[in-house]
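Asker: Predicted coordinates and the sequence they were generated for:
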Amino acid sequence: MSIRIPLSSPDITAAEVNAVTNVLRTPHLSLGPELTAFEAALAEYHSVPHAVAVSSGTAGLHLALLVLGIGEADEVIVPSFAFIAVANAILQVRATPVLADIDPVTLNLDPTSVERIITARTRAILVVHTFGVPAQMDTLMNIARDHNLAVIEDACEAIGAEFEGKRAGSFGDLAVLGFYPNKQLTTGEGGAVLASNPAYAARLRSLRNQGRAGKEWLDHEEVGYNYRLSELACALGRVQLSRIGEILELRRAAAERYDALLGGIPGLDLPPLALPHRTISWFVYVVRLPKHLSRDRIQAALAQRGIATGRYFAPVHLQPAWQTHPSAQAAHLPVTEAIARHTLALPFFNRITLDQQKEVALALREAIDSET
């Protein structure tokens, strides 16, 4: 049966369409005024001096590690309960990912787990604001300061989230945003790196543009990459960012509706609607199924009814590409493994309707009942 209710869906209005088509009427398709305007808007929104737009969140992670000088023989602490790009980027700079466990409520890095695995080789903590829930940034920043470690925030899922009134992405030495179509803000493909240090920002701009640092196009000061973000993408992102308040409110309202619709299903754990000191930016809506049920059969039952779901997240250390890596084999992550077996992401996007959510809730209830 074809999917009628998708897992995610971008929210593109006439304003975004007009902005993109207007770019096509100009001679600037790359490195033009839309890039400058989008970067300035991102920096202002996060109250940081610099934002550097790049071709993806993954590219942003790669550049952040390079700019901090992290490389061979260095270790970077990172959660395994995350999208695989966070660990892959560490390998790309020839460093070693050291996989940490998560807090069972927020699903973010557990500071106690982080402290246990710091060694003389540890150079940085890569903090992921999982599912748009801000991590425990006061404790993690204190740990980093005590051990002289850099902090990279992966805020790809968390634009607009706040910890103690401060935006996710404004705590660390560098922070990375992602704008894939399932994100709260999309540029199609794209990302950005936030920086307070002007030297970091200058090097990020050089590295994303084949190591160019001056005005001469054929002068390259170092080996760089083509991680540029097009003017079309920047125009789309600029308009999306101007709507971010509306977008986040639509997603918060959708989360509240799910909470009301799903609250009576026995054994189903719902994500918290609110947490102390935090403002959640709703990226996905992930429930935890009762432990005795087969997630595969639940997913198949919903798919039969045209409803898409997702396994968010399959831990990095259990991925086929990682299982033989020493970092994966050394990982002892009981909380990650216990939770990841039972997570199920439900359809969630800006314009999901109450009727669609009712259908998802009914299908999930019936699927659970049939397995019980």
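Answerer: Yep, that arrived. Numbering: from 1, shown residues only.
Asker: The residue lying closest to Arg94 once chain neighbours are set aside: what secondary structure?
Answerer: With CB to CB, 6 or more residues apart in numbering as the criterion, Arg94 has its nearest non-adjacent residue at 4.2 Å, and that residue is Glu72. Where you see a C-beta, it was placed from the backbone N, CA and C, and this is true even at glycine. Here Glu72 is recorded as coil under DSSP: H, G, I helix; E, B strand; the rest coil.
Asker: start at 864 instead
Answerer: Understood, numbering begins at 864; the last thing we discussed is Glu935.
Asker: tell me the pLDDT at Glu935?
Answerer: pLDDT recorded at Glu935 is 97.
Asker: just checking, it touches Ala958?
Answerer: Yes. Under the criterion of CB atoms under 8 Å, Glu935 makes contact with Ala958 at 6.8 Å.
Asker: Between the two, which is the more surrounded one?
Answerer: More crowded of Glu935 and Ala958, by other CB atoms under 10 Å: Ala958, with 20 against 8.
Asker: so how far is Leu928 from the more buried one?
Answerer: According to CB to CB, to the nearest Å, Ala958 and Leu928 sit 7 Å apart.
Asker: what sits in contact with each of those two?
Answerer: Taking CB atoms under 8 Å, 6 or more residues apart in numbering as the criterion, Ala958 and Leu928 both touch Val939.
Asker: how much space between the residue nearest to Arg957 and Gly1032?
Answerer: Taken as CB to CB, the span from Glu935 to Gly1032 is 28 Å.
Asker: can you map out the strands along the protein?
Answerer: 913-917, 938-942, 959-963, 985-991, 1013-1017, 1025-1026, 1029-1030, 1037-1041, 1054-1058, 1141-1142, 1148-1151, 1206-1209 (DSSP state E).
Asker: is it possible to export those strands to TSV including mean pLDDT?
Answerer: Below are the strands of the chain laid out as TSV (pLDDT from 0 to 100):
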stretch	mean pLDDT
strand 913-917	99
strand 938-942	98
strand 959-963	98
strand 985-991	98
strand 1013-1017	99
strand 1025-1026	98
strand 1029-1030	98
strand 1037-1041	99
strand 1054-1058	99
strand 1141-1142	98
strand 1148-1151	98
strand 1206-1209	98
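Asker: mind checking which of those is nearest Phe1176?
Answerer: Within the strands of the chain, the stretch nearest Phe1176 is strand 1206-1209; the backing value is 7.2 Å (CB to CB).
Asker: what packs against the closest one?
Answerer: If contacts are counted by 3 or more CB pairs under 8 Å, 6 or more residues apart in numbering; DSSP states H and E, strand 1206-1209 sits against strand 1148-1151, helix 1158-1167.
Asker: From the chain's centre, how far out is the first one? Work that out for me.
Answerer: Read that as strand 1148-1151. On the basis of CA atoms, centre = their mean, to the nearest Å, strand 1148-1151 sits 16 Å off its chain's mean C-alpha point.
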